[in-house]
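Engineer: no letters, just coordinates:
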């Protein structure tokens, strides 16, 4: 699980975009860790959200992920 989290964070910090879809994150993680299952990646992403490292961003029709503090991903207070 820790390897998957590291791969997610690597993708999130190297990504040109501040927000990304799960499918994009999943493809990037599976390039680094071909044995990683979709469910494991989703669980790792959820743990990172719960830890406050990643955040959810809702577009209304779909949910995206973002690295906390990167780009305009925070709700204005």
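Structural biologist: Structure received. As the structure is a prediction and not an experimental result, all values here were calculated from the model.
Engineer: so the residue nearest the centre of the chain bridges to which residues?
Structural biologist: Most central in the chain under Cα atoms, centre = their mean is residue 65, positioned 4.9 Å from the mean C-alpha point. With DSSP bridges as the criterion, residue 65 is bridged to residue 20, residue 56.
Engineer: residues in contact with it?
Structural biologist: Counting by Cβ atoms under 8 Å, 6 or more residues apart in numbering, residue 65 makes contact with 12, 19-22, 25, 45, 49, 54-57. Every residue, glycine included, has its C-beta placed from N, CA and C.
Engineer: tabulate those residues (JSON lines), appending neighbour count and pLDDT.
Structural biologist: Below are these laid out as JSON lines (neighbours: other Cβ atoms under 10 Å; pLDDT from 0 to 100):
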{"residue": "12", "neighbour count": "23", "pLDDT": "92"}
{"residue": "19", "neighbour count": "20", "pLDDT": "91"}
{"residue": "20", "neighbour count": "18", "pLDDT": "93"}
{"residue": "21", "neighbour count": "14", "pLDDT": "94"}
{"residue": "22", "neighbour count": "15", "pLDDT": "94"}
{"residue": "25", "neighbour count": "22", "pLDDT": "95"}
{"residue": "45", "neighbour count": "22", "pLDDT": "95"}
{"residue": "49", "neighbour count": "15", "pLDDT": "94"}
{"residue": "54", "neighbour count": "23", "pLDDT": "94"}
{"residue": "55", "neighbour count": "18", "pLDDT": "92"}
{"residue": "56", "neighbour count": "13", "pLDDT": "89"}
{"residue": "57", "neighbour count": "18", "pLDDT": "87"}
